[in-house]
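>>> Provide a 3D model corresponding to the input given below.
(one chain, ligands or ions: 2)
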Amino acid sequence: MTNNASKTVADLKRSLTLTVGHGNVWFADDDAARLLPYLSESRGRRMGRAFAVVFPTCTEEVAKVVATCHFHKVPIVTQGGNTGRCFGAQADDERAVIIQLKHLNRVRDFDPDNMTITVEAGMILQDVQRYVAERGYFFSLSLGAEGSCQIGGNLAVNAGGINVLRYGNARELTLGVEAVIANGTVLNALHGLRKNNTGYDLKNLLIGSEGTLGIITAATLKIFAPESNTSHAFIALASVEDAVTTLRRLQQRFEGRVSTFELLPNLAMTLMEQHSDVKCPLDNHHPWYVWYKLADSQITRPLRDEQITFLRDLQVDGLIIDAALAHNERVKQHFEHIRETIVEVQKHAGFAIKHDVSVPVSSIAQLIAAGNAAVQQACPNVRPYPFGHVGDGNIHYNLMCPEDMDDASFMSQYKDKLQKIILDIVDGLGGSFSAEHGIGSQKVELMQTYQDPVALDMMRRIKHAFDPFNLMNPGKVVVPR
Ligand code: MLT
Ligand code: ZN
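Ligands and ions are numbered 1, 2, ... in the order given. Below you'll find the model as predicted:
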């Protein structure tokens, strides 16, 4: 290292330490081991690199850290719970400064008259849910990682989860944001307004931008009346078409009250019974299952009572094969637990090629029929494992290694081929190659293939306008030409 370079490094260290204090910045060259949890990807798949990790405790400190990085022209990677699926919160540059937001975890305001809560970005999603529930309200964002993901990360990827159908995704739940932009200034768009037509919608640019345009440090979020009247059902079906028709019938009958509608293939049920504590709530195995939930804040008539006749009608019409209704809280939790377990049991079936795609709900059956046929032809005995949020068209269309093939051959020979097959079908159906997990660095190349070229060009210009030196989470979402 030249004298000038080492002086710059020393300056950067001094500035970061002065900003957040000794205990709140760790440098790789002082104690590399301490940084490891912040360098590792959530599932331990990749190890990254960084110069330092800083733990600011307030927005002003975040702003000063960003200003320092801007001055020194070093990359910034913002990190929340590090639970993302596309390597979006991973630093992979020895000059990078990781800004870990976990100490920004306060509730700034709770306003039941406006039906909003304002929280800092580092608050754990489950803590937001609890805080709101303890005050007699409901915060609807819910997903598998809710015990460790942070609300700022949820907004950064515009997270979806299991309640999108009734309440919307992270973007639809957010009324305002505060953010630190690339030069270290603070954008105050932390409004609790449901109407605000004052120029470009910067809030909605920042949401879903994965830290590439700025760092969301706080957000004002919608809250709802509590779900005091819910009904959970677990049904078996012969086909995906029947699942989609059942959804339509449910929505006609229980308009606005269908909050969750999740599909599971029989392979998931088989793996769960072999490798977890899950027992199928129905007597026999069937090709497909759906767990759905109806929710209402009114108790004029318990939803469960209405459902009994509804399910009987569906059975008479030959749409469902069998059904179980939850008669108490324990059974509801069992259905929820089944849904959560689908993800973790996949590892027992070997490697999976994973997709997070969406198509119009009316095209889901076509997607799965065409996808399954095409992947079977390309890779005999591959095991499709499509599951997820049928209610909002988002399918995790995963493909498991054939039982007679080893994981390494499957990945090396088939990953690109099978991915292209699925994503081409999705594209042909007017769908999206990334529905709720974002782009990160993992899907940057797919942007070239599947994103509209004009949209991609506009995104690059927006990125340049917000971040001319390409310091904010570089290499993620869109890369400069
Ligand atoms: C889910 O819906 O369970 C997740 O989005 C899937 C995943 O984490 O891979
Ligand atoms: Zn999902």
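
>>> only C-alpha atoms for contact and neighbour calcs from this point on.
Noted.

>>> can you list contacts of stretch 39-47?
36, 48-50, 82-85, 87, 89-91 (Cα atoms under 8 Å, 6 or more residues apart in numbering).

>>> Ligand 1 contacts on the chain?
144, 343, 388 (Cα under 6 Å from any ligand atom).

>>> of those residues, closest to Glu210?
Distance ranking of these against Glu210, using Cα to Cα, places Gly144 first at 19.2 Å.

>>> Any regions of this structure where pLDDT drops low?
Residues of the chain that meet the criterion pLDDT under 70 lie in 1.

>>> try 80 this time
Applying pLDDT under 80 to the chain picks out residues 1-3, 5, 42, 44, 299-301.

>>> Dead centre of it: give me the residue that sits there.
Ala159 (3.8 Å; Cα atoms, centre = their mean).

>>> so who does that one touch?
For Ala159, the contacting residues are 169-171, 436-437, taking Cα under 8 Å, 6+ apart as the criterion.

>>> Then Gln442?
Under the contact definition (Cα under 8 Å, 6+ apart), the residues listed for Gln442 are 86-88.

>>> Try it again at 6 Å.
Neighbour list for Gln442: Cys86 [criterion: Cα atoms under 6 Å, 6 or more residues apart in numbering].

>>> Offset the numbering so it begins at 55, please.
Yes, from this point I'll number from 55; that puts the last item at Gln496.

>>> hang on, Pro438 is in a strand, isn't it?
Yes - looking at Pro438 with DSSP: H, G, I helix; E, B strand; the rest coil, it is inside a strand.

>>> where does the residue nearest to it when sequence neighbours are not counted land in three-state SS?
Using Cα to Cα, 6 or more residues apart in numbering and skipping the chain neighbours, the partner closest in space to Pro438 is Leu453 (4.5 Å). For Leu453, the assignment made with three-state DSSP gives strand.

>>> Quick check: Leu525 touching Pro129?
Yes - counting by Cα atoms under 6 Å, Leu525 touches Pro129, with 4.4 Å between them.

>>> With ligand 1 as the reference, measure out to Asp84.
Distance from Asp84 to ligand 1, counting by Cα to the nearest ligand atom, to the nearest Å: 34 Å.

>>> Mind listing what's buried along the helix ranked longest in the chain?
Taking residue count as the measure and DSSP state H as the definition, the longest helix of the chain comes out as helix 461-482. Under the neighbour-count criterion of 16 or more other Cα atoms under 10 Å, helix 461-482 has 461, 464-465, 468-469, 472-473, 475-481 buried.

>>> would a markdown table of the contacts of stretch 93-101 with neighbour count, distance to Ser416 and secondary structure be doable?
Putting the contacts of stretch 93-101 into a markdown table (neighbours: other Cα atoms under 10 Å; distance: Cα to Cα, whole Å; DSSP: H, G, I helix; E, B strand; the rest coil) gives the following:
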| residue | neighbour count | distance to Ser416 | secondary structure |
| --- | --- | --- | --- |
| Leu90 | 15 | 45 | helix |
| Gly102 | 18 | 41 | coil |
| Arg103 | 21 | 44 | strand |
| Ala104 | 25 | 45 | coil |
| Asn136 | 24 | 34 | coil |
| Thr137 | 21 | 31 | coil |
| Gly138 | 24 | 29 | coil |
| Arg139 | 17 | 27 | coil |
| Phe141 | 23 | 31 | coil |
| Ala143 | 31 | 34 | coil |
| Gln144 | 27 | 36 | coil |
| Ala145 | 29 | 39 | coil |
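
>>> does Glu457 count as helix, strand or coil?
Of the three states, Glu457 takes coil according to three-state DSSP.

>>> number of nearby residues for it?
By other Cα atoms under 10 Å, 12 other residues sit near Glu457.

>>> what's the closest non-adjacent residue to it?
Here the residue nearest Glu457, using Cα to Cα, 6+ apart, is Asn435, at 7.4 Å.

>>> does the one you found belong to a helix or a strand, and which?
Using DSSP states H and E, Asn435 sits in no helix or strand.

>>> Help me confirm that it comes into contact with Pro456.
Yes - with contact defined as Cα under 6 Å, Asn435 counts as touching Pro456 (5.1 Å).

>>> more neighbours, these two?
Set side by side, Asn435 and Pro456 show unequal neighbour counts under other Cα under 10 Å, the larger going to Pro456 at 19 against 15.

>>> backbone phi and psi for the more buried one, please?
Torsion angles at Pro456 (phi, psi; degrees, to the nearest 10) stand at phi -60, psi 150.

>>> What of Ile171?
Note on Ile171: its backbone torsions stand at phi -130, psi 140 [degrees, to the nearest 10].

>>> pretty sure Leu348 is touching Phe308, no?
No - the criterion here is Cα under 6 Å, and Leu348 misses it with Phe308 at 7.8 Å.

>>> Could you check which of those two is surrounded by more residues?
Neighbour comparison, Leu348 and Phe308: the larger count goes to Leu348, with 24 against 17 (by other Cα under 10 Å).

>>> what helix or strand is that one on?
Under the criterion of DSSP H and E, Leu348 resides in strand 342-350.

>>> Pull out the buried positions in the next helix or strand after that strand.
As assigned by DSSP H and E, the chain's next helix or strand after strand 342-350 is helix 357-370. Buried residues in helix 357-370, defined by neighbour count with 16+ other Cα under 10 Å: 357-358, 361, 365, 368.

>>> for Lys347, what are its contacts?
With contacts defined as Cα under 6 Å, 6+ apart, Lys347 is in contact with 285-286, 313-314.

>>> Quick check: it vs Gly201, distance?
Plainly put, Lys347 is 21 Å away from Gly201 if you go by Cα to Cα, to the nearest Å.
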